[in-house]
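*Asks:* Here is my input; please provide its structure:
(2 chains)
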Amino acid sequence: DVKVTQSSRYLVKRTGEKVFLECVQDMDHENMFWYRQDPGLGLRLIYFSYDVKMKEKGDIPEGYSVSREKKERFSLILESASTNQTSMYLCASSPILGRAYGYTFGSGTRLTVV
Amino acid sequence: KQEVTQIPAALSVPEGENLVLNCSFTDSAIYNLQWFRQDPGKGLTSLLLIQSSQREQTSGRLNASLDKSSGRSTLYIAASQPGDSATYLCAVRLDGDTGNQFYFGTGTSLTVIP
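*Replies:* Sure thing, here's the model as predicted:
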């Protein structure tokens, strides 16, 4: 089974801290994605990457950056955490090609910024 | 941009009932469509994926259908059980989309009453 592992299930950080959320997948997928999920707003795409060192902005990139130095790892960085970044963060991966293949998600990280 | 709508937003049924969840999308040029289940506070679990050339997929008590021309997919759950209580999301990937991203609906929250 494809596994997407997010390093933390729960995080509590202080306003202004630099926060790193890590995501690792073990199936050699080209694509990796970071979403945030908030009640009433659904899933919103923050950033995605289709190759090592490549990144593309999603719908809500402001206040975030990403890093993909290795194919299996995609990191989301909150440069200076703010309370409005309190949310559930979900990482997903998928192969670039193949209509029979879709997303595989990690178990999520619930981030609280105080 | 693809808009994905799921109706109803919430559904409550007695145990044993058969039910249908609906998903509609605005752009019919899709690559594939994926149905997910999400339990409270958890990540998304893939249930079924339908390729653009397929009309339906089945897994156990679940059956997903796809009608591209009308921009609709349905998820049929037979003989519902309390353990089926969760939020169900559909997601659509567009054909020719170099971003390779899926567009999500906001989900249907299902409660199965024992």
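*Asks:* which stretches of the chain form strands?
*Replies:* Since you didn't name a chain, this refers to chain A. A:4-6, A:10-13, A:19-25, A:31-38, A:42-49, A:56-57, A:64-70, A:73-78, A:87-94, A:104-105, A:109-113 (DSSP state E).
*Asks:* wrong chain, I was asking about chain B
*Replies:* Going by DSSP E, chain B shows strands at B:4-7, B:10-14, B:19-25, B:30-38, B:44-51, B:56-59, B:62-67, B:72-77, B:86-94, B:102-104, B:108-113.
*Asks:* With mean neighbour count, mean pLDDT and distance to chain A as added columns, please give those strands in TSV.
*Replies:* Bear in mind the C-beta positions are built from the backbone N, C-alpha and C, glycine included. As requested, the strands of chain B are exported to TSV (neighbours: other CB atoms under 10 Å in any protein chain shown; pLDDT from 0 to 100; distance: least, CB to the nearest CB, whole Å):
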stretch	mean neighbour count	mean pLDDT	distance to chain A
strand B:4-7	18	94	9
strand B:10-14	12	96	12
strand B:19-25	19	97	13
strand B:30-38	23	94	4
strand B:44-51	20	94	4
strand B:56-59	13	96	10
strand B:62-67	18	97	12
strand B:72-77	20	97	13
strand B:86-94	24	94	7
strand B:102-104	24	91	5
strand B:108-113	17	97	11
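*Asks:* of those strands, which approaches A:Ser82 most closely?
*Replies:* strand B:102-104 (24.4 Å; CB to CB).
*Asks:* rewinding a little: which of the strands of chain A is buried the deepest?
*Replies:* strand A:87-94 (a mean of 24; mean count of other CB atoms under 10 Å in any protein chain shown).
*Asks:* That one pairs with which strands, parallel or anti?
*Replies:* Strand A:87-94 has its sheet partners listed here by DSSP bridges as strand A:31-38 (antiparallel), strand A:104-105 (antiparallel), strand A:109-113 (antiparallel).
*Asks:* any chance of the strands of chain B in JSON lines, plus distance to A:Met88?
*Replies:* Shown next, in JSON lines, are the strands of chain B (distance: least, CB to CB, whole Å):
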{"stretch": "strand B:4-7", "distance to A:Met88": "18"}
{"stretch": "strand B:10-14", "distance to A:Met88": "19"}
{"stretch": "strand B:19-25", "distance to A:Met88": "21"}
{"stretch": "strand B:30-38", "distance to A:Met88": "10"}
{"stretch": "strand B:44-51", "distance to A:Met88": "11"}
{"stretch": "strand B:56-59", "distance to A:Met88": "26"}
{"stretch": "strand B:62-67", "distance to A:Met88": "25"}
{"stretch": "strand B:72-77", "distance to A:Met88": "23"}
{"stretch": "strand B:86-94", "distance to A:Met88": "12"}
{"stretch": "strand B:102-104", "distance to A:Met88": "13"}
{"stretch": "strand B:108-113", "distance to A:Met88": "15"}
